[in-house]
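1. Requesting a structural model of the entry that follows:
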Amino acid sequence: METIGPATLCIMIVTFLISYKGINDLSFLDKYSFKIDAILVRKDYKRLITSGFLHANWTHLLFNIVTFYSFSSSLEMAVGIPRFLILYFGSLLGGNLLALYIQRHHAGYSAVGASGAVSGLVFAAIALFPGMELGLFFLPLYIPSWAFGLLYTLYTLYGIKSKRDNIGHEAHLGGGLIGLITAVLMFPEVLQINYLPIVLILIPSGVFLYLVITRPDFLLVENPFQKQKGVFTVDDKDNIKRRTNEKELDDLLEKISRKGIQSLTPQEKEKLEKLSNNK
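-> Numbering: from 1, shown residues only. Here you go, the predicted model:
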């Protein structure tokens, strides 16, 4: 049995204890989970980190813990504790920052989980260990790391674009890219001996992020549960924007009714005036 590194063991214990608390205490989960409005409006930036130690249920926690354990000890031994912690927390933060950017107009969006950090470790291992093969859970099937990296990246990009499930693909992509890039910056020599998986991951991800940044409507898709497949029209986009504005206005009015208008921040007052004028 592979020896568990001290940093790996500490992260596993802390994640388990905090997740246990969150699973059994919904107010605790709500206080420290990733929430768009809490981060952007109330500037509660600690949620970018604390949400990575929370999980929605035991299945979610078990999956992340098992994946984390599968990669962390060998990676910690290879790079050392300080670099391992940089990889882990850098990937966690990077994943949540990408999710924050992509979901910035969805005030009600929330998420928990260490998936972004774990994805960062997986992609760092793909970059640092040439010839590594990765297995699928509970199946005697192994594929080259470059193939796994490419397939996982394409699946993640599809998940962000399609919005057909409740998985935080944005955090997976952001965490994975930060883990990969950080590992390359720490050990630039891997570019010469293991460039294939690195290039196969970075090229489609770079093109996707370029489209997300330069074309704001790129991620707007139809809702398959509301109408049949067809063209996503300008009216659809306007309806989404209107519903988003109405939700933000309702949230601000609810806060005023509970705490008074003096409780609004300058940014919230400015948004309230803008939303009221556009209504």
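2. in this structure, what spans have low per-residue confidence?
-> In the predicted model, the chain carries pLDDT under 70 at residues 1-2, 135-140, 165, 220-246, 275, 277-279.
3. all helices for it, in order.
-> According to DSSP state H, the chain carries its helices in the segments 6-24, 26-32, 36-40, 47-50, 58-79, 81-102, 115-128, 145-162, 169-186, 190-193, 195-214, 234-259, 266-278.
4. mind checking how far the residue nearest the centre of the chain is from Thr156?
-> Among the residues of the chain, the one closest to the centroid is Ala171, at 1.3 Å (C-alpha atoms, centre = their mean). For Ala171, the distance to Thr156 (C-beta to C-beta, to the nearest Å) stands at 10 Å. For the C-beta atoms, the positions are set from N, CA and C on the backbone; glycine is no exception.
5. same check, this time on Arg47
-> Distance, Arg47 to Thr156, by C-beta to C-beta: 22 Å.
6. now swap in Leu196 and tell me
-> For Leu196, the distance to Thr156 - C-beta to C-beta - is 19 Å.
7. more crowded one of these two?
-> The neighbour count for Leu196 versus Thr156, taken as other C-beta atoms under 10 Å, is higher for Thr156 (24 against 15).
8. any idea how far His55 is from that one?
-> With C-beta to C-beta as the criterion, Thr156 and His55 are 19 Å apart.
9. do Leu121 as well
-> Using C-beta to C-beta, Leu121 is found at 17 Å from His55.
10. And for Glu254?
-> Taken as C-beta to C-beta, the span from Glu254 to His55 is 28 Å.
11. Tell me which of the two has more neighbours.
-> Higher neighbour count among Glu254 and His55: His55, with 26 against 10, using other C-beta under 10 Å.
12. Who are the contact partners of that one?
-> By C-beta atoms under 8 Å, 6 or more residues apart in numbering, the contact set of His55 is Thr15, Ser19, Gly22, Ile23, Leu61, Asn64, Val112, Gly113, Ala114.
13. can I get the residues you listed in JSON lines with neighbour count?
-> Shown next, in JSON lines, are the contacts of His55 (neighbours: other C-beta atoms under 10 Å):
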{"residue": "Thr15", "neighbour count": "21"}
{"residue": "Ser19", "neighbour count": "25"}
{"residue": "Gly22", "neighbour count": "25"}
{"residue": "Ile23", "neighbour count": "18"}
{"residue": "Leu61", "neighbour count": "21"}
{"residue": "Asn64", "neighbour count": "20"}
{"residue": "Val112", "neighbour count": "26"}
{"residue": "Gly113", "neighbour count": "27"}
{"residue": "Ala114", "neighbour count": "31"}
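14. Distance to Val184 for the residues you listed - can I get that in a markdown table?
-> Formatted as a markdown table, those follow (distance: C-beta to C-beta, whole Å):
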| residue | distance to Val184 |
| --- | --- |
| Thr15 | 26 |
| Ser19 | 31 |
| Gly22 | 34 |
| Ile23 | 36 |
| Leu61 | 30 |
| Asn64 | 24 |
| Val112 | 29 |
| Gly113 | 25 |
| Ala114 | 22 |
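15. Closest one of these to Ile261?
-> Nearest to Ile261 among the contacts of His55, counting by C-beta to C-beta, is Val112 at 31.8 Å.
16. any idea what sits nearest that closest one, other than its immediate chain neighbours?
-> Computed as C-beta to C-beta, 6 or more residues apart in numbering, the closest residue to Val112 that is not its neighbour in sequence is Leu54, at 4.0 Å.
17. got a list of what the one you found touches?
-> Neighbouring residues of Leu54 by C-beta under 8 Å, 6+ apart: Ile18, Ser19, Gly22, Leu29, Tyr32, Ser33, Val112, Gly113.
18. Make CSV from those residues and add distance to Ala78 to it.
-> CSV is the format used below for those (distance: C-beta to C-beta, whole Å):
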residue, distance to Ala78
Ile18, 27
Ser19, 27
Gly22, 32
Leu29, 34
Tyr32, 31
Ser33, 32
Val112, 29
Gly113, 25
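19. nearest to Pro144, of those?
-> Nearest to Pro144 among the contacts of Leu54 is Gly113, at 27.3 Å by C-beta to C-beta.
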